[in-house]
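Colleague: The sequence and its predicted three-dimensional model are supplied below.
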Amino acid sequence: MNILIKNITLVPMDGKDEILSNMNILIENDKIKDIFKDDKDLKVDKIIDGKNKLLMPGLINSHTHTGMSIFRNYADDLPLHEWLNVAIWPLEAKLVAEDVYWASKLSIVEMIQSGTTTFSDMYFFMDETAKAVGETGIRSVLSRGIADENDPIKNAAKFDEVRKMHKDWHNAFDGRIKVMVGPHAPYTCGTDFLKECVSVAKELNTGIHIHLSETKKEVEDSFEIHELSPIEYAKEIGIFDVHTLAAHCVVLSQEDIEIIRDNNVYPVNNPGSNFKLASGFAKVDEILSKGIPMALGTDSSSSNNNLNMFEEINLAALVNKSVTEDATSVSAYQALEMATINGAKALNLQDEVGSIEVGKKADMILIDLNVSHLYPRNNLISALAYSAQGSDVDTVIIDGKIVMEDKKILNIDLNEIFSQVERIISEIPTR
Ligand SMILES: [Zn+2]
């Protein structure tokens, strides 16, 4: 199918910090075929009028747990370790596979509606999330979250599950799914277990998705047990021998930042979750200034409590200015890069997505500019970071297919998803 988007304002996010007006984008099947200024006489299947709209790459949510949307607003205002141990983990123990299917679908719909076209997920019952990805048309990097059971037989079964997941879903749905190995964190996985994760990742020729240096407590405990920071420890035991997606990286020393810069590590900032769980402030400005392409994520909708990447872009740009007491810290364009091209690099998808360039996958969003908070149009890059809302997203195209048009999600029954998640959360306490 060919789609021509005519006469639109384009923010390509190709490193040039520019806004191009009156542009035309030609999509052929799953790819961007042409980007041009002057009108051409083309025969296409569909034309989208770009008047009063802005086109940019689809946003990339580099760290989330879509299966947790059931627990949105369920247990709030608790510290991370208490939140996990007392509130979340006992409930998660009662989940069945079908719950994760509906929770994933709810999360995916929320992400599409707010402009996310790719997400990186870590959870369990991942076959269900993979099915939801297939049905909804979104792009994803999925990791089966695993923790050390301290039992060789149970651990071996988990690694077999990871291998099976890779076999079943890696490159499924025209390559829309990639699979990584997902050890939860150094504080839930022993050294031998983590080393085994690395060898499975090498065997499958893929990367590792892990939580690293999220809280001060985690770092203090790591020094006590290993006499190393979580980053130093991860390097020492060989995790960074493979492409590593490191969620959070909140509490970092100068040495940690240098290790990240010099190794195969891609940190993900999750400001909403870090603030809500009082984990602190990642040194985003310092990390970016070292040339590290820090990405951006929402974390789960039970620690955020939504999956709206425009809110994260806004937080990343605003909060770092306050933390560094420097209003030039993390510019609007840098915050947008975190949510687009940096995310693509973090997920090892930079050749396919993250910017609007000829030859890349047609993953893009159209923003409705005809709303009061986006007038006057003095600087639309600033507008995207400081004024835009997730609900301004009008049309979403993923892999060359329109999945939302005029704010209507196509081919997904929203009411069915809403009633299923209400049923599940009412059932769980009595299971
Ligand atoms: Zn997380």
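Modeller: Alright, I've got the coordinates.
Colleague: Run through the strands of the stretch 201-350 of the chain in chain order.
Modeller: Secondary structure of the stretch 201-350 of the chain (DSSP state E, counting those that start in this stretch): strands located at 208-212, 244-248, 265-269, 295-296.
Colleague: Adjacent strands (with direction) for the third one?
Modeller: This points to strand 265-269. Strand 265-269 has its sheet partners listed here by DSSP bridges as strand 244-248 (parallel), strand 295-296 (parallel).
Colleague: Between strand 208-212 and that strand, find me the angle.
Modeller: Interaxial angle of strand 265-269 relative to strand 208-212 (axes from the mean of the first three to the mean of the last three CA atoms, to 10 degrees): 50 degrees.
Colleague: Give me the phi and psi angles of the residue most central in space within the chain.
Modeller: In the chain, the residue lying closest to the centroid (CA atoms, centre = their mean) is Asn61, at 1.9 Å. Main-chain dihedrals, Asn61, degrees, to the nearest 10: phi -90, psi 100.
Colleague: Show me the protein divided up by domain.
Modeller: 2-57+363-409, 59-346 (automatic domain parsing).
Colleague: Quick check: which of these is buried the most?
Modeller: domain 59-346 (a mean of 21; mean count of other CB atoms under 10 Å). In this view, the C-beta of every residue, glycine as well, is placed from N, C-alpha and C.
Colleague: end to end, how far does it reach?
Modeller: This stretch, domain 59-346, spans 13 Å end to end (CA to CA, to the nearest Å).
Colleague: mind listing what the residue nearest to His248 when sequence neighbours are not counted touches?
Modeller: In this structure, His248 finds its nearest non-sequential neighbour in Glu214, 4.0 Å apart by CB to CB, 6 or more residues apart in numbering. Applying CB atoms under 8 Å, 6 or more residues apart in numbering to Glu214 gives the contacts 80, 185, 247-248, 250-251, 274, 279.
Colleague: what do you get if the cut-off is 10 Å, keeping everything else the same?
Modeller: The contact partners of Glu214, by CB atoms under 10 Å, 6 or more residues apart in numbering, come to 80, 185, 187, 230, 246-251, 270, 273-274, 277, 279-280, 282, 299.
Colleague: likewise Val330?
Modeller: Counting by CB under 10 Å, 6+ apart, Val330 has contacts 269, 284-285, 287-289, 294, 313, 316-321, 323-324, 337-338, 385.
Colleague: Compute the distance between the closest residue to His170 other than its chain neighbours and Asp241, please.
Modeller: Nearest residue to His170, sequence neighbours excluded (CB to CB, 6+ apart): Val179, at 4.3 Å. Distance, Val179 to Asp241, using CB to CB, to the nearest Å: 18 Å.
Colleague: One more: Asn61?
Modeller: Note on Asn61: its distance to Asp241, by CB to CB, is 26 Å.
Colleague: How about Pro183?
Modeller: 14 Å.
Colleague: Find the residues that touch each one of the two.
Modeller: Joint contacts of Pro183 and Asp241 (CB under 10 Å, 6+ apart) are 198, 201, 208.
Colleague: Help me confirm that the last one comes into contact with Ala247.
Modeller: Yep, that's Ile208 we're talking about. No: judged on CB atoms under 10 Å, Ile208 makes no contact with Ala247 at a distance of 11.0 Å.
Colleague: in what helix or strand does Glu422 lie?
Modeller: Secondary structure from DSSP states H and E places Glu422 in helix 414-427.
Colleague: coming back round to it: helix, strand, or coil at the residue nearest to the residue nearest to the centre of the chain when sequence neighbours are not counted?
Modeller: The shortest distance from Asn61 to any non-neighbouring residue, by CB to CB, 6+ apart, is to Phe119 (4.2 Å). State at Phe119, reduced to three classes by DSSP: H, G, I helix; E, B strand; the rest coil: strand.
Colleague: tell me the contacts of Phe119?
Modeller: Counting by CB under 10 Å, 6+ apart, Phe119 has contacts 59-64, 66, 104, 107-108, 111-112, 129, 133, 138-142, 297-298, 307, 309, 343, 347.
Colleague: okay, the strands of the stretch 201-350 of the chain in a markdown table with mean pLDDT next?
Modeller: Shown next, in a markdown table, are those (pLDDT from 0 to 100):
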| stretch | mean pLDDT |
| --- | --- |
| strand 208-212 | 98 |
| strand 244-248 | 98 |
| strand 265-269 | 98 |
| strand 295-296 | 98 |
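Colleague: hang on, the earlier thing: who's the residue nearest to Asn61 bridged to?
Modeller: Counting by DSSP bridges, the residues bridging with Phe119 are Asn61, Ser140.
Colleague: go on, the one 4 residues further on?
Modeller: When bridges are assigned using DSSP bridges, the partners listed for Tyr123 are Arg144.
Colleague: what residues are up against it?
Modeller: 64-68, 92, 95, 100, 103-104, 107, 129, 142-145, 182, 300.
Colleague: Could you pick out which of these are located in helices?
Modeller: 92, 100, 103-104, 107, 129 (DSSP state H).
Colleague: Might one say that His81 is in contact with Leu277?
Modeller: Yes: here His81 lies in contact with Leu277, judged by CB under 10 Å, at a distance of 9.3 Å.
Colleague: From the chain's centroid, how far away is stretch 422-431?
Modeller: Its chain's C-alpha centre and that of stretch 422-431 lie 28 Å apart, by CA atoms, centre = their mean, to the nearest Å.
Colleague: Same question for stretch 286-306.
Modeller: Here stretch 286-306 is found 9 Å from its chain centre; the criterion is CA atoms, centre = their mean.
Colleague: Now that stretch - C-alpha only, CSV.
Modeller: Extracted in CSV, the C-alpha atoms of stretch 286-306 (Å, rounded to 0.1, in the frame of the first residue of the first chain):
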residue,chain,number,x,y,z
GLU,A,286,25.9,14.9,32.4
ILE,A,287,25.2,11.5,30.7
LEU,A,288,24.1,13.2,27.4
SER,A,289,27.1,15.6,27.4
LYS,A,290,29.4,12.6,27.5
GLY,A,291,27.9,11.5,24.2
ILE,A,292,25.8,8.7,25.7
PRO,A,293,22.5,8.4,23.9
MET,A,294,20.3,8.1,27.0
ALA,A,295,16.8,6.9,26.1
LEU,A,296,13.5,7.5,27.8
GLY,A,297,10.8,5.3,29.2
THR,A,298,7.7,5.4,31.4
ASP,A,299,8.3,2.2,33.4
SER,A,300,5.0,0.6,34.3
SER,A,301,1.7,2.3,34.6
SER,A,302,1.6,1.2,38.2
SER,A,303,4.7,3.2,39.0
ASN,A,304,4.1,6.3,36.9
ASN,A,305,0.9,6.0,36.5
ASN,A,306,0.5,6.3,32.7
